Every structure is written in C-alpha cells, then in structure tokens.
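Asks: Sequence plus predicted model, see below.
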Amino acid sequence: MKHATFVGCLLGLLRAASGFSPAGLQSKRVACPPSFVSTNKCASIKSLHCGDVNGRCSDGRLHMSDFGSAMPPPKQGFIAKIKSKIPTRSERKKLVPLALMFFFILFNYTILRDTKDVLMVTAKGSGAEVIPFIKTYVNLPAAIGFTALYSKLCDRMEQKDVFYACTIPFLCFFAAFAFVIFPNVGALHPHAFVDKIALALPEGFGAPLAIVRNWSFALFYVMAEMWGSVVASLLFWSFANEVTTVDEAKKYYPLFGLGANVALIFSGQYVRFVSSLRANLPPGVDPWGVSIKYLMGAVVASGGCLVSIFSYMQRRVMTDPDCFDQEKRAAKKKKKKVKMGLRESAKFLVSSPYIRDLAMLVISYGMCINLVEVSWKSKLKAAYPNPNDYSSFMGNFSSATGSVTLIMMLLGRKIFKIFGWRKAAMVTPSMIGITGLAFYALTLFAPFFEPIAASLGTTPLMLAVMVGAAQNILSKSAKYSLFDPCKEMAYIPLDQDSKTKGKAAVDVVGNPLGKSGGALIQQILIFGVGSLAAATPYLAGILGVLLFFWYKAVNSLAAQFEDAMEASEVA
C-alpha cells in the first residue's frame, strides 16, 4: 500500500511538472498522503526539496517552485554562445595588440626568410649546398654568442628595455644592408681573392669558400635567421607569457596565428609584387638592388609598428590592474636577479628535466625540418635557376603557407580543447614524419614515379618540387598553429629565471642547434657517400630515429607540465 501511495505521489509530481509555467510556478502543489508523511520514503523526497530539513513534508505538500530549482539551467541560445566566446574587455585590451605584434614579426620574418634564400642560393659560386655550412659554422656560433649577451642584458636591464635593445639593432642592420652594403657588394666581396684560394683547394671546399666570397649575404642570412629565433620565438613569446594566464593561453594562443598568418599571405604577395617590378625596370638599373630596397623598406616600417605597439602595451596595458596583476609586477621588480654566466646557465638548464625536454622538442623540430628542407631547396634551384623566378615561387609558397596555417589555427583551438596538450604536441612530429617520408620516397623511387609525372603533364623534378613544397607548407603550418603554442604554454608555470634564461637557451640556441645538427649530419653523409642524393636513404632512417625521441620528449614533458600546473594552482 505504501509503495502504491509512493508511486501515486510521484505520478502527481509528474502531472504537476508537465503543466507548470514560470508564471504559475508557486501555485503548483502536490499533496502527499498523511500516511506517507512520516515514512522514510517522504524523507527521500527531501533531495527534491520536499518538506523541511527534518524530512517531513510540510502540510503534506510539495512546492513545485522548490522542485523547479533542481531543474537543469536552460540551454544557451546561439547569440549567447557567440557572446560567451568573445574575449572580455580586459582580455581584448592585451590580446589584440599581441596579435598585431605577432603579425608584424611574421610579416618581417617571411620577407627575410625568402630574401635570404634567394641571396645565398643564387649568389656567385654558391648554391643550396652552402646552407648546411652556414647553419653549422656561422649561425650556431652567432646564436651562442647572442645567448651569452642576452643573459647579461637580462641581469642588468628590465625586460622591456631588453626588448628594445634586441629589436632596434636588427632594424638598423636591415636598413643599412639595403642602402649601404648591397649597392657596394662588388667592392666588398673578395671574389678575386677567393678564386685564387679555390685553385689550391679541393673541389669539396666550394661551399665554405662561397660563404667567404659572399660574406655580406651570409651575414644577412644569419641576421634573418636570428630574427626568427630572437624576436619571434624569444622576445615576443616571453612577453606574451608574462601578460597572459594559462587559461587565456589555451583559448587564445592558437588564435594569435590567425592574424599572424594573414601576414604570411600579405608578405608572400608583397614579395611576388616586388619580383614583378624588377621585370619592368629600364636597362642599366640593378633589379636586385631595387628589390632589396623595397623589401627592406617594408621590413623597417613593419618593425617600427612592432616597437610602437610594444611601447603602447608598456604604458597602457602593463599598468592596468584589470589586464595585469600589479602585485606580481611589483614583486618581480623587487626580486633580486640571480646572475649566472653562460657556463652556470648551461649547468642550470642541463640539471632541469623540464627544460631538457623542451630543448629536445625544439632541437628535434630543427633537425627534422632541416633534413628535408635542404634537399628540397637543391631541387628548387634546379627548377628555378633565375633569381626572379625563384623569388616569385617563394612568394607564392609563403602565401600558401599562410592560407593553410589559418585553417590549422582554427583546428588547433579545437584540438587543445578536445584532446589536450599532449595530443596537440604530437601533431607536428606526425605531420613532418608522414610528409617527409613521402618526399624521400619520391626522391628514392623517381623512376617509378616518371609515368605518374608524365600523366600529370609535368616532370619528376617539378613533381618533387611540388611535393617538397607541400611538405614544408604542412610542417610549418603545424608548427605555427600547434607546436609553438604548446611550447609557449609549457613555459608559463615556470619561475622567472627558468622562463628568461631557460627560454633563451632553448629558443635561441636550441633552434639553430637543431638546424646545424641536421646540417652536420648532411655534411658527414655527403663526404661519406659522395652526394646529397646518395645520402637520401640514410636521411630517411635518421628522420625516423629523431621522430622517436621527439615523441618520447613530448610524453615526458606532458606529465611534468600537468604536475607544474597543479603546483602553480596550489601556490
């Protein structure tokens, strides 16, 4: 009987619930039978807000207004969902300038990257084979020297002054190169001297001699590479990590690239536009000289915008308590800096498994991308020996990279949200592995692909160029959309010394160390087997080994990152 009455009470609840509206919420009542009031069944309805705290139904009735309070909240409408995705005012105040800074940095880097390749690969007595030597014997020592200088600057100056001290000299050099150095390369480059030395040396010394022969181009190459390592990887992300929280980073770091990779499209088309201007110049005018002035003029103007936005953020954002924790800023200023020399910094970094794993990620990326990229650029020069054609192709390549990266950026936010940091960090090595091995397969089994190339109306060389371009585009888009945000998020829970000096060592030394490591492997194989083409099977095998250690470092760092995040939340 009691069970039947209990069921009847519940049925009454359901009947009342099926007809109630917000206006009549208080009038809907359901009677509980008196025999049911003191039973445990009635007490069990307490979870539905029936009765008082003692489990008895007051007046033997259950108020539907109380029952309605346990109902799930109504679903958000489409407009409400859109509004919830929009950053708050304080977030917009710092995220929009950061996105613009990243835009101008990558606009410059794209122009510099395309220009350095054209200058060095098409220079007199040079070619793609000179790139491994520049990365190993010029770029790496310069990166190590800068790391020592940066460590001293961090000890003696505030972080904002370090930004100015590092960025402005780059802009001055690029302006001087366009308007002073390049117009006088005929007098500055020792071609006659190098020609005499070349007669007395074996043919294998051609690449190192090309660096001496075209020393100003090699210097430009190094400065362009350093812009990516210093300004993009180190200075910008250090500042971004300082002003954003981990939650903001997870939501918005993948979207930074949306504006930044529009820069790839614009800069790529700007390079292509400048290439077309060269074709219409009158006789007697150096087309490259005009191009360099246009390109470096754009770089200096973009750099001026970058410095201005950074100055605005220091004055308006860093002083706003809604955007930045002022107590944290004051504590940072009062904190006495621990001064460490280069040797002490190296010991500090080697002793940290967290920093070692971060360095392994950066070094693995640099080595893997370099192993494939140099082989691709050697084929690219064979397909486009003219500097105008080479530069135009690189402009289209940069625009395509920006377009694909935009799509990857949109996917990146979903990947972080659904799969988390670990899975997002594994996308880049997977992308490089699949596309890199496909390029090597095309190179190794070129005769097999000849009928396919003929059916597509092209040659095996052009097919290799296009597959290599696709490999570089997909790899770089994965780097910009997932690899860089993953790496930068990993720095956020670290202490200030690890952030500044650890990041300097990982980004400024680790990046060129990876590229020069890949270049050194290529040099050894070329000397051992005779040519880059003959070394292809070994390069494919080495790529697989590097990917294995990359995956291992990702798994190790993911566990440490989660622990560091928990510790920072507790603190």
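Replies: Done, it's in. A quick note: this is a predicted structure, and the numbers were derived from the prediction, not measured. Numbering: from 1, shown residues only.
Asks: How many residues are close by residue 553?
Replies: Using other Cβ atoms under 10 Å, residue 553 has 21 other residues around it. Backbone N, C-alpha and C define where each C-beta goes, glycine included.
Asks: try residue 252
Replies: 20.
Asks: That one and residue 246 touch, don't they?
Replies: No. Between residue 252 and residue 246 there is no contact under Cβ atoms under 8 Å: 11.2 Å.
Asks: and residue 524, what helix or strand is that in?
Replies: For residue 524, the host element (DSSP states H and E) is helix 510-529.
Asks: Averaged pLDDT, the next helix or strand after that helix. What do you get?
Replies: Counting by DSSP H and E, the next helix or strand C-terminal to helix 510-529 is helix 536-570. Mean per-residue pLDDT for helix 536-570: 86.
Asks: residues of helix 536-570 that come out buried?
Replies: Neighbour counts over helix 536-570 (16 or more other Cβ atoms under 10 Å) mark 536, 538-540, 542-543, 546-547, 550-551, 553-554, 557-558, 560-561, 564-565 as buried.
Asks: one step back: what are the buried residues along the helix holding residue 524?
Replies: Applying a neighbour-count criterion of 16+ other Cβ under 10 Å, one finds 510-523, 525-526 buried in helix 510-529.
Asks: Same check on stretch 232-245?
Replies: In stretch 232-245, counting by 16+ other Cβ under 10 Å, buried: 232-244.
Asks: Repeat that for stretch 432-443.
Replies: Under the neighbour-count criterion of 16+ other Cβ under 10 Å, stretch 432-443 has 432-433, 435-437, 439-440, 442-443 buried.
Asks: got TSV for those, with pLDDT, secondary structure and distance to residue 454 too?
Replies: Below are those laid out as TSV (pLDDT from 0 to 100; DSSP: H, G, I helix; E, B strand; the rest coil; distance: Cβ to Cβ, whole Å):
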residue	pLDDT	secondary structure	distance to residue 454
432	91	helix	29
433	90	helix	29
435	88	helix	23
436	88	helix	25
437	85	helix	24
439	86	helix	20
440	85	helix	22
442	82	helix	14
443	79	helix	18
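Asks: ok, of those, which one's closest to residue 452?
Replies: Using Cβ to Cβ, residue 442 comes nearest to residue 452 of the buried residues of stretch 432-443, at 9.6 Å.
Asks: residues contacting that closest one?
Replies: Under the criterion of Cβ atoms under 8 Å, 6 or more residues apart in numbering, the neighbours of residue 442 are 449, 463-464, 467.
Asks: Which one (most neighbours) among these?
Replies: For the contacts of residue 442, the largest neighbour count, defined by other Cβ under 10 Å, is 23 neighbours, found at residue 464.
Asks: could you give the mean pLDDT of the helix or strand containing that residue?
Replies: Secondary-structure assignment from DSSP H and E places residue 464 in helix 460-478. What helix 460-478 shows for mean pLDDT is 86.
Asks: which residues are in contact with that helix?
Replies: Taking Cβ under 8 Å, 6+ apart as the rule, helix 460-478 contacts 261, 369, 372-373, 375-376, 379-380, 382-383, 397, 400-401, 404-405, 407-408, 427-428, 431-432, 435-436, 438-439, 442-443, 446, 449-450, 452-453, 456, 458.
Asks: Give me the subset of those that lies in helices.
Replies: Members of those lying in helices (criterion: DSSP state H): 261, 369, 372-373, 375-376, 379-380, 382-383, 397, 400-401, 404-405, 407-408, 427-428, 431-432, 435-436, 438-439, 442-443, 446, 449-450, 452-453.
Asks: What remains of those residues if I keep only buried residues?
Replies: Among those, those buried by neighbour count (16+ other Cβ under 10 Å) are 261, 369, 372-373, 375-376, 379-380, 397, 400-401, 404-405, 408, 427-428, 431-432, 435-436, 439, 442-443, 449, 453.
Asks: for the stretch 151-300 of the chain, what spans make up the helices?
Replies: Along the stretch 151-300 of the chain, counting by DSSP state H, counting those that start in this stretch, helices occupy 159-176, 185-188, 191-200, 206-213, 215-226, 237-243, 246-279, 287-312.
Asks: just the CA coordinates of the first one, formatted as PDB?
Replies: Spelled out, that is helix 159-176. The C-alpha coordinates for helix 159-176 follow below in PDB (Å, rounded to 0.1, in the frame of the first residue of the first chain):
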ATOM      1  CA  GLN A 159      62.600  43.100 -19.600                       C
ATOM      2  CA  LYS A 160      61.000  45.900 -21.700                       C
ATOM      3  CA  ASP A 161      64.400  47.500 -22.200                       C
ATOM      4  CA  VAL A 162      65.900  44.200 -23.300                       C
ATOM      5  CA  PHE A 163      63.200  44.100 -26.000                       C
ATOM      6  CA  TYR A 164      64.200  47.500 -27.400                       C
ATOM      7  CA  ALA A 165      67.900  46.700 -27.100                       C
ATOM      8  CA  CYS A 166      67.500  43.500 -29.200                       C
ATOM      9  CA  THR A 167      64.900  44.600 -31.700                       C
ATOM     10  CA  ILE A 168      66.100  48.000 -32.900                       C
ATOM     11  CA  PRO A 169      69.700  46.800 -33.900                       C
ATOM     12  CA  PHE A 170      68.100  44.300 -36.300                       C
ATOM     13  CA  LEU A 171      66.100  47.000 -38.000                       C
ATOM     14  CA  CYS A 172      69.200  49.200 -38.300                       C
ATOM     15  CA  PHE A 173      71.100  46.400 -39.900                       C
ATOM     16  CA  PHE A 174      68.400  45.600 -42.500                       C
ATOM     17  CA  ALA A 175      68.200  49.300 -43.400                       C
ATOM     18  CA  ALA A 176      72.000  49.500 -43.800                       C
END
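Asks: That helix to helix 287-312, inter-axis angle?
Replies: Using axes from the mean of the first three to the mean of the last three Cα atoms, to 10 degrees, the direction of helix 159-176 lies 160 degrees away from that of helix 287-312.
Asks: what does the third one give?
Replies: Helix 191-200 and helix 287-312 meet at an angle of 110 degrees, taking the same axes, to 10 degrees as the criterion.
Asks: and if you look at the fifth one?
Replies: Between the axes of helix 215-226 and helix 287-312, defined by the same axes, to 10 degrees, the angle is 30 degrees.
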